[in-house]
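Visitor: Sequence below, structure please.
(one chain, ligands or ions: 1)
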Amino acid sequence: MKHSKMHLHFLKHTFIIIALFFSCASIAQDARFIVVLDAGHGGHDPGAMGDIAREKDINLAVVLNLGAMLERNFKDVKVIYTRKTDVYLTLQERADIVNNNHADLFICIHTNASKSSAAYGAETFTLGLAKSKANLDVAMRENSVILLEEDYRTKYKGFDPASVESYIMFEFMQDKYIDKSVEFSSNIQKQFVSYSHRSDRGVRQAGFWVLHRSACPSVLIELGFISNPAEERYLNSENGQTEMASAIYNAFIMYKRNHDKMSGRQNASVSTHDLIVNKADTSKEIVSTKVETTESKNTTILNDVDSYPNKANEANQVPIFKVQLLASSGKLNNKSPKFKGLKNVDYFVEDGLYKYTIGKETAYKEILKVRDKIATKFPQSFVIAFVGDKKMTAKEALMLIK
Ligand SMILES: [Zn+2]
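Guide: A predicted model of the protein is given here:
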């Protein structure tokens, strides 16, 4: 009797030890950083259509490329795909994959389209209230896939992707992941410029259903415009798809480093990931850049920019570079707390919005220094340029002085 009791006691302990072992093993598994990659559209939903390419195919090619890089180089990252083939998923199904897997980061990849074939450039969205009609248009177009579903009014709780009124909900919504989402978006945009030499349309906000329903830092990338023939060719090419995936991969490295530092998980394995450097658009190799922070990454961008001569243009087309801080529907007092103590803030009016800027430089290198100084306070700020009264992107202005 005594014997069997002891035996039972022993068994009980063994069981507890085994149980502990398994629960630790599952904790160890959960400790991996989980990224969900979402190639927009698919199956009977082609997304935007170009002359030679379909959005769904470009999105998937970039996702598979990016996923392969992450799987190859990050042992502590688990990559989950919403789709790896040409299949259709609803927006809610995509968000469910994010939430059911307790993802740490959600990356949606899309390709833009415009009625005008002149529009080009890459932009990254985080969730928020669209501050311009252009941003709202992108969200409405991407959300419109909801209309392909039967009974979408019940499923999406009365949200009508085609009605402007539906988007007002995003104004009152608190997104606790916004800072992280914006941080990652800024990394992506920097890499699109410095690595892929894309035109920077900036980090933007709009009401995307798929981001709204996902409980983790989330971004939606618009790689470029399928409606612009040159950009369509680039995005449809293997080189273009690899470059765009590499740029996002670099942005991920920077984001993950910061994430590990903040969560105290910085260890030897973290520093082994080096950014891929795009050497003069010809040969690509992984070099040890020892880039530790976003600041040092900016140095790389500056070096790239050095190749643009800052000579004055004879045709009196000297661009003036400025940093756009924020936009507001009403005019702000120059002591407004929204400027976070910045002085000498200037503004211009566009699309019915007051857009506030700081700095005024003819050399792009100089304006980047201004942008770097305020980047922590204004992570969403970006460089714009004016030639006379004409506003343009930094890239467009750089083309003029090239
Ligand atoms: Zn799309």
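
Visitor: Tally up the residues packed near the closest residue to the ion within the stretch 301-402 of the chain, please.
Guide: The stretch 301-402 of the chain approaches the ion most closely through Thr393 (21.4 Å), counting by Cβ to the ion. Backbone N, C-alpha and C define where each C-beta goes, glycine included. Neighbour count for Thr393, taken as other Cβ atoms under 10 Å: 19.

Visitor: got it, and Lys176?
Guide: Other residues close to Lys176 by other Cβ under 10 Å number 8.

Visitor: wait, is it part of a helix?
Guide: No: according to DSSP: H, G, I helix; E, B strand; the rest coil, Lys176 belongs to no helix; its state is coil.

Visitor: List the beta-bridge partners for the residue of the stretch 301-402 of the chain closest to the ion.
Guide: Ile384 (DSSP bridges).

Visitor: For it, which residues are in contact?
Guide: By Cβ atoms under 8 Å, 6 or more residues apart in numbering, the contact list for Thr393 reads Gly121, Ser199, Asp200, Arg201, Ile384, Ala385.

Visitor: Pull the contacting residues for the nearest residue to Leu70 once chain neighbours are set aside.
Guide: In space, and not counting its chain neighbours, Leu70 is closest to Val79: 5.1 Å by Cβ to Cβ, 6 or more residues apart in numbering. With contact taken as Cβ under 8 Å, 6+ apart, Val79 is in contact with Val35, Leu37, Gly67, Leu70, Glu71.

Visitor: contacting residues for the first one?
Guide: When the contact criterion is Cβ under 8 Å, 6+ apart, the partners of Val35 are Leu70, Val77, Lys78, Val79, Ile80, Ala103, Asp104, Leu105, Phe106, Ile107, Phe252.

Visitor: my guess is the fifth one meets Phe33, correct?
Guide: No: Ile80 is beyond contact range of Phe33, at 11.3 Å (criterion: Cβ atoms under 8 Å).

Visitor: Assign the closest residue to the ion within the chain to helix, strand or coil.
Guide: Closest residue of the chain to the ion, Cβ to the ion: His110 (3.5 Å). The assignment at His110 comes out as strand when based on three-state DSSP.

Visitor: again, but for Ser214
Guide: Applying three-state DSSP: Ser214 is coil.

Visitor: Any idea how many residues pack against it?
Guide: Ser214 has 25 neighbours, counted by other Cβ under 10 Å.

Visitor: give the contact list for the nearest residue to Ile226 once chain neighbours are set aside.
Guide: Excluding its sequence neighbours, the residue lying closest to Ile226 (Cβ to Cβ, 6+ apart) is Gly50, at 3.8 Å. The neighbours of Gly50, taking Cβ under 8 Å, 6+ apart as the test, are Ala113, Ile226, Ser227, Glu232, Asn236.

Visitor: Mind listing what's buried along stretch 372-387?
Guide: 372, 374-375, 378-387 (16 or more other Cβ atoms under 10 Å).

Visitor: Tell me which entries of the residues you listed lie within helices.
Guide: Counting by DSSP state H, the buried residues of stretch 372-387 place Asp372, Ile374 in helices.

Visitor: May I have the phi/psi pair for Ala134?
Guide: Main-chain torsions, Ala134, degrees, to the nearest 10: phi -60, psi -40.

Visitor: For stretch 377-384, measure first residue to last.
Guide: End-to-end distance for stretch 377-384, by Cα to Cα, to the nearest Å: 18 Å.

Visitor: Other residues contacting that stretch?
Guide: 179, 182-183, 186, 189, 200, 202-203, 321-326, 340, 342, 357, 364, 367-368, 371, 374-375, 391-394.

Visitor: So which bits of stretch 90-109 are buried?
Guide: Buried residues in stretch 90-109, defined by neighbour count with 16+ other Cβ under 10 Å: 90-91, 94-95, 97-98, 103-109.
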